[in-house]
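Q: sequence below, structure please.
(chains A and B)
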Amino acid sequence: MREFIWRLRAIFQRDRLTREMEEEMRFHMEMDPLRAGPLTQSLETTRDEFGFRWLDGVLGDLRHAARALRRSPAFALVAVSALAAAVAINTLVFFLLDAVLLRPLPYPEPERLIRVYDSGTRVEKWPMAIAHYQEQKRSAQSISSIALYTGADVEMNNERVSGIAITPEFFDVLGAKPFAGRFFLDSEMTRAARPAIISHTVWRTHFHSDPAIVGKAARINRESWTIVGVAPPGFQHVGGDYRSPLQGETVGVWLPLPLDGNENRRRRSHFSNAVARLKPGVSAEAAKQELSAITERVSSDEKHFVEKWTANVAPLHDEIAGRSKDVVFLLAAAALLVMMIACANVAGLVIARTLARRDELAIRHALGASNWQLVRVGLTENLLLGVVGACAGLSLAAALLPLLRTLLPANFPRVHEVALTPRAAAVSIALAITTAIVAGLIRTHSSKRQTLRMRGALVAAEVGLACLLCAGGLLLIESYRRLEARDHGFQSSGVLTYAVSLPGPEYRNGERLIRVSRELRAAIGAVAGVESVGIATDLPWSGWDENSSWGLKDEHSARFHMASPGFFESIRTPLAAGRYFDEREYQKQPSSIIVNEALADRHLGGKSAIGTKIRAWGSEREIVGIVADVRDTPADLAAKPAFWFPAGQEPFAQFSVVVKTFGDPLRLAPEVKRAMAAVDPELPMARLKTLDEHAAQAMAQRRFALWLFQAFGVLAMALAAVGVYGLLAFWVVQRRKELGIRMALGATRSGLWRLVVLGGLRLAAIGATCAAALAPFAGRWIGSFLYSIEATDHVVLIAAPALLLVVALLASLGPAYMATRADPAQALRQD
Amino acid sequence: MTNERAGVLQGTLDLMILQTLATMGPQHGYAVASRLEQVSEGALQLNMGTLYPGLVRLEAKGWIAAAWKTTESNRRARFYSLTRAGQKRLALEKTDWERTASIMSRILEGER
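A: Residues are numbered from 1 along each chain as shown, chains lettered A, B, ... in the order given. Predicted structure coming up:
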């Protein structure tokens, strides 16, 4: 240790120490000139002791490498930027991969967490009925606890706060301990009790971090609730398919989920997500067997909707990350392709350098440098390239991270966890250095001709890989274009939307709900600048939601909605037959209903269904209109059967408002809010946005994959172009003499142009052909992201190679120009 | 011949320098070299390329300390002296060496 410090200090005082040593040795020589030995050599040997010998070796290599790289700045710059760009892209994708798929969920022993569903002959994953949960909680041996939860946004101080209703085990299943107070008790799962748990954030923002909050009253949904506990800071909700906030810190208030409903409701209403914790050592499959048996037993007399109820089980991580797994893997594959291209590029550059330095290396060899020393210099050079490339790439990735966050769709799972982690940094640095070293190993010491051929192969490979990426990008662009261009069944422009929930005891009365929603619509419709206004339970493209049975004997099922007059008009969903709802539907009789084309075509013989009576929710209703199909999500192949109850005949406390305006919809928001306040001064507007924004969000994941893929494709093309350019330019420089002779012998300039350009095009053509042959296999990766276009679509398969050929052509223009500039006389005089 | 023997003795250079400094007190490099030559009756001739790296190594380990002083002939020279750690080290190496040497000589005599 002491020696280490001494040597470390000696490094910095080396000059002084050497001077002193020289003086000492001169003294020695004066005393004994015969046996002292040579001064310079002795001094050199002694000097090595001032510091660390191994460090000197490494530093020497590094100094040499840095000097070599500085001597050819173009090489260094191109190699480093190619590497940095590829590293940056791979790092960004790894951020995503790490956050979405690799990092464990933020709960203790997350691998034991599962989601449980009711499952029937028609649907694999269905929200769980309360009675089924109660029986599983009572008798299941494979799980240690199970909890239900369902969305229950609340009104708190004129504001809508995201909330869920839960059963008492909820936090226990997820392994959370209260920050203050307690969680719910079994005895609180009734409609009469009013305890609430608030999030740490709500505690800070709404209750000023009141240390004595537990036991105090809060006004929630216009009633007095008792706050019994505060959730731990940073607690993340598990997300859910059905009426649930997204995964993350998305919940502000937890309320009890009443379990005291009547038998029929507990058995037949499926509206809750279930999450459970497996007992240690029990597999999800084993749990599924047991829970299925329990559900089947308890539901044996429920013939409603499906023949037989069982249970379905899926690991929580799969359910949260699963839907984005494909996107992330696709992007990772694309990023790796880019990395391979960059690797080939660097390898090509290294080979070019080796060739150009053949003379220098030969001289060094002749001067006594061992083979290993020469290889070591080369390796150090690549290592230096790798490290610089990695650092540049990592900085670039860190700089681009905020951009990635804004590009990521809000509903992308675990998007809030995307961050620069030490692990991601380590992976990208390792990737860069490996790439640089692999690129260094490809270099050959064989003949010039072989080396050139090797480089040609590398460039062809680059073009081929870039071609694959471009084909993928073009496919995504084309399918996105077709998706956007198709008839969606509604128009999103000029529409303001927001969600409303009519809370509290005063709205428990159906008549009053209907009256107030009608008054709201009238008040908003009177605002200047409003063209039309409607309310409905669901906006277009809001995903799968509730289904209900209908028909003459409840024999079918379809998605049910509520809509008021003005709803279809505002979003401009065309009528296929009949009429929209109007003021007549605010009378109790006759009961009316609107169905979509999918339902009419599939079950009722199309347009002739107008006037037919069907049964839904216990009464006969006459079909007054058939509306065009709107799909549940934008990429659905077809719309599912659906129907709409009129707002005047079925009361709903929660709905969305759509306001078609003449100008910018958001500018009218304050006026609309004032109009609402005239009807109910406390009512908040939640999720205020334009229908355009809503529609864009529904397409966000596709657009995200598209953007990234485009960026990859462009980068790959640029790298391939650099590869082609570098090879040809090098070729021209190496053959300047030959070109000069050709010109002296009467070769025309256009002949030389052709020579060089055709050389570049030939390489590109080889690469593109290989890519076209590989495309059908690569197509399997991308197939599930395409809409109405095959992965082997000939347009794309021709367009991508053509694009690359054009790029190669452009890249070879520069070297071709250089070739024709070769002055015969000068070329011959050289050497 | 000389070189060969010096090579054999190289590993023990540390011990020889330490012992020289212990018996003679603070000395400059040349004095150490000539003392060793004298004691070994000319068998051991250290040139500067061997001696000075050895001295620096010992200094780095903290066994000897160096300081500029003037010689009797009024010349500036660096004098090396044994430190406390150096004395301990010398004692240790000495016993080690004596043990090794006695074992070696016993083995060699037994062979004979």
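
Q: make it CA atoms for all contacts and neighbour counts henceforth
A: Fine.

Q: I'd say B:Val32 and B:Ile17 touch.
A: Yes - with contact defined as C-alpha atoms under 8 Å, B:Val32 reaches B:Ile17; the gap is 7.0 Å.

Q: and the residue in the stretch 101-250 of chain A positioned nearest to chain B, how far from A:Leu96?
A: For the stretch 101-250 of chain A and chain B, the shortest gap (C-alpha to the nearest C-alpha) falls at A:Arg103, measuring 48.2 Å. Distance, A:Arg103 to A:Leu96, by C-alpha to C-alpha, to the nearest Å: 10 Å.

Q: between these two, who's got more neighbours?
A: Taking other C-alpha atoms under 10 Å in any protein chain shown, A:Arg103 and A:Leu96 do not tie; A:Leu96 has more neighbours (26 against 12).

Q: show me what the helix or strand containing that one is packed against.
A: For A:Leu96, the host element (DSSP states H and E) is helix A:73-97. Identification of packing neighbours for helix A:73-97 by 3 or more C-alpha pairs under 8 Å, 6 or more residues apart in numbering or on different chains; DSSP states H and E yields helix A:53-71, helix A:316-356, helix A:371-407, helix A:422-442, helix A:700-734.

Q: which of the ones you listed sits closest to B:Val39?
A: helix A:53-71 (32.7 Å; C-alpha to C-alpha).

Q: longest helix of chain B?
A: The residue-count maximum for a helix in chain B (DSSP state H) belongs to helix B:84-111.

Q: distance from the chain centre to that helix, please.
A: 15 Å (C-alpha atoms, centre = their mean, to the nearest Å).

Q: which secondary structure elements does that helix sit against?
A: Using 3+ C-alpha pairs under 8 Å, 6+ apart: helix B:84-111 touches helix B:13-24.

Q: how far out from the middle of the chain is the helix it packs on?
A: With C-alpha atoms, centre = their mean, you get 4 Å for helix B:13-24.

Q: what residue is smack in the middle of chain B?
A: In chain B, the centroid-proximal residue (C-alpha atoms, centre = their mean) is B:Ile17; its distance is 1.7 Å.

Q: mind checking pLDDT for that residue?
A: pLDDT for B:Ile17: 90.

Q: skipping its backbone neighbours, what lies nearest residue 22 in space?
A: Unless you meant another one, I'm taking chain A. Excluding the flanking residues, the one nearest A:Glu22 by C-alpha to C-alpha, 6 or more residues apart in numbering or on different chains is A:Leu43, at 6.7 Å.

Q: wrong one, chain B
A: Excluding the flanking residues, the one nearest B:Ala22 by C-alpha to C-alpha, 6+ apart is B:Leu82, at 6.6 Å.

Q: what is the neighbour count of the closest residue to chain B within chain A?
A: When scored by C-alpha to the nearest C-alpha, chain A has A:Ser42 as its residue closest to chain B, at 3.9 Å. For A:Ser42, the neighbour count with other C-alpha under 10 Å is 21.

Q: assumed it was part of a strand.
A: No - A:Ser42 sits outside any strand when classified using DSSP: H, G, I helix; E, B strand; the rest coil, being helix.

Q: show me the contacts for it.
A: B:Met48, B:Gly49, B:Thr50, B:Tyr52 (C-alpha atoms under 8 Å, 6 or more residues apart in numbering or on different chains).

Q: quick one, phi/psi of the first one?
A: This means B:Met48. Note on B:Met48: its backbone torsions stand at phi -60, psi -30 [degrees, to the nearest 10].

Q: before we move on, what SS does A:Gly175 have?
A: On the three-state scheme (three-state DSSP), A:Gly175 is labelled coil.

Q: no, scratch that, I was asking about A:Phe560
A: Using three-state DSSP, the structure places A:Phe560 in strand.

Q: so what's it up against?
A: Counted by C-alpha under 8 Å, 6+ apart, A:Phe560 has contacts A:Glu546, A:Asn547, A:Ser548, A:Ala642, A:Phe643, A:Trp644, A:Phe645.

Q: so where is the stretch 1-150 of chain A shaky, pLDDT-wise?
A: Scanning the stretch 1-150 of chain A for pLDDT under 70 picks out A:122.

Q: that should have said chain B, apologies.
A: In chain B, residues with pLDDT under 70: B:1-11, B:111-112.

Q: which single residue in it comes nearest to chain A?
A: For chain B, C-alpha to the nearest C-alpha, closest residue to chain A: B:Gly49, 3.9 Å.

Q: I figured that residue hits A:Gln41, correct?
A: Yes - between B:Gly49 and A:Gln41 a contact is recorded at 7.0 Å, counting by C-alpha under 8 Å.

Q: who has more neighbours out of these two?
A: Ranked by neighbour count (other C-alpha under 10 Å), B:Gly49 and A:Gln41 place B:Gly49 first, with 20 against 12.

Q: element containing that one, please.
A: Taking DSSP H and E as the criterion, B:Gly49 maps to helix B:48-61.

Q: for that helix, name the packing helices and strands.
A: Packing contacts for helix B:48-61, counted by 3+ C-alpha pairs under 8 Å, 6+ apart, involve helix A:2-12, helix A:39-47, helix B:13-24, helix B:29-39, strand B:64-70.

Q: hmm, 10 Å instead?
A: The elements that helix B:48-61 packs onto, with contact taken as 3 or more C-alpha pairs under 10 Å, 6 or more residues apart in numbering or on different chains; DSSP states H and E, are helix A:2-12, helix A:14-31, helix A:39-47, helix B:13-24, helix B:29-39, strand B:64-70, strand B:76-82, helix B:84-111.

Q: quick check: nearest residue in space to A:Ser570, chain neighbours excluded?
A: Excluding its sequence neighbours, the residue lying closest to A:Ser570 (C-alpha to C-alpha, 6+ apart) is A:Lys660, at 5.2 Å.

Q: now the one you found, what are its backbone angles?
A: Dihedral angles (degrees, to the nearest 10) for A:Lys660: phi -90, psi 120.

Q: wait, it sits on A:Gly529?
A: Yes - assessed by C-alpha atoms under 10 Å, A:Lys660 is found in contact with A:Gly529 at 8.9 Å.

Q: so between those two, which is more surrounded?
A: Comparing A:Lys660 with A:Gly529 by other C-alpha under 10 Å, the one with more neighbours is A:Lys660, at 28 against 17.
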